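> Got a predicted structure plus its sequence, pasted below:
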Amino acid sequence: MKILLLEDDLILSEVIVEHLEYYNHTVTSIYNGVEAENLLFEKKFDLLLLDVNVPLLNGFELLKSLRDSGNETPAIFITSMNSSSDVLEGFELGANDYLKKPFEMVELKARIDNIKRHFKIDDERLMSISDSISYDFSTYILHINDKEEKLSKKEGEFLAYFLHNRTKVISADELMVNVWSYDTAPTSATIRTYIKNLRRLFGEEMITTIRGVGYVFN
């Protein structure tokens, strides 16, 4: 999951980041609400972890601003503000969970896993390729900004092989063996056509040709 963490306690922030990265989450740490708000208008995240008492714009104000603008990214408050009225306000503003400090990292993980199940955030099904592009392996749909590009089954399998071997040099022979069955092996021209189609979707710079060796999906 791509997680934004708003926490101005540097030590706690480091502990949370280390714990979440252990479970292969990608965490962006922010220490004040204004910076978090600006980033959230530029990038998409799967989950927000928000402290309340942070500089410039507090967590409650930030979430209200996001919800008012139509941003429905799941959010968990992690805060020492633990009165009943604080909890009620957090949920009324649109929080999906409220975790009171101090807490154990195992409890934070359990809350995150629950959000993941509830919102069907499946790391194996959906892969983030960049800040604005993701690919759904199960439907062969490429999400580019707010648009969808439906790939054919073979195009989807071709792209999937590149994504699972990102930054590795892949030869045409390797693609033929792993994407096509023996009796349907394509020609070199077919491989080049698929490469051309991917470059049309992602841009020329996304796939590098290593002359005489193969291709690299950057």
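On my side now, so go ahead. What you see is a predicted model, and the numbers here were worked out from it, not measured in a lab.

> What segments of the protein are helices?
10-22, 33-40, 59-68, 84-92, 105-118, 153-164, 172-179, 188-202 (DSSP state H).

> what sits up against the first one?
When contacts are defined by Cβ atoms under 8 Å, 6 or more residues apart in numbering, helix 10-22 is touched by residues Ile3, Leu5, Glu7, Val27, Ser29, Tyr31, Leu49, Ile78, Met105, Leu108, Lys109, Ile112. (C-beta placed from N, C-alpha, C; glycine too.)

> what sits against the spatially closest residue to Lys153 that is not a sequence neighbour?
Spatial nearest neighbour of Lys153, excluding adjacent residues (Cβ to Cβ, 6 or more residues apart in numbering): Tyr140 at 6.3 Å. Residues near Tyr140 by Cβ under 8 Å, 6+ apart: Lys150, Leu151, Ser152, Lys153, Glu155, Gly156.

> And for Leu99, nearest residue in space, chain neighbours not counted?
Using Cβ to Cβ, 6+ apart, the nearest residue to Leu99 is Ile78, at 4.8 Å.

> Revised request: answer the last question for Ile112.
Ile112's closest residue in space is Leu47 (Cβ to Cβ, 6+ apart), at 6.6 Å.

> Would you map out the domains in this structure?
With domains defined by automatic domain parsing, the chain comprises 2-118, 151-217.

> so which of these is the most packed in?
Most buried of the domains of the chain, by mean neighbour count (mean count of other Cβ atoms under 10 Å): domain 2-118, with a mean of 16.

> Can you get me the start-to-end distance on that domain?
End-to-end span of domain 2-118 (Cα to Cα, to the nearest Å): 16 Å.
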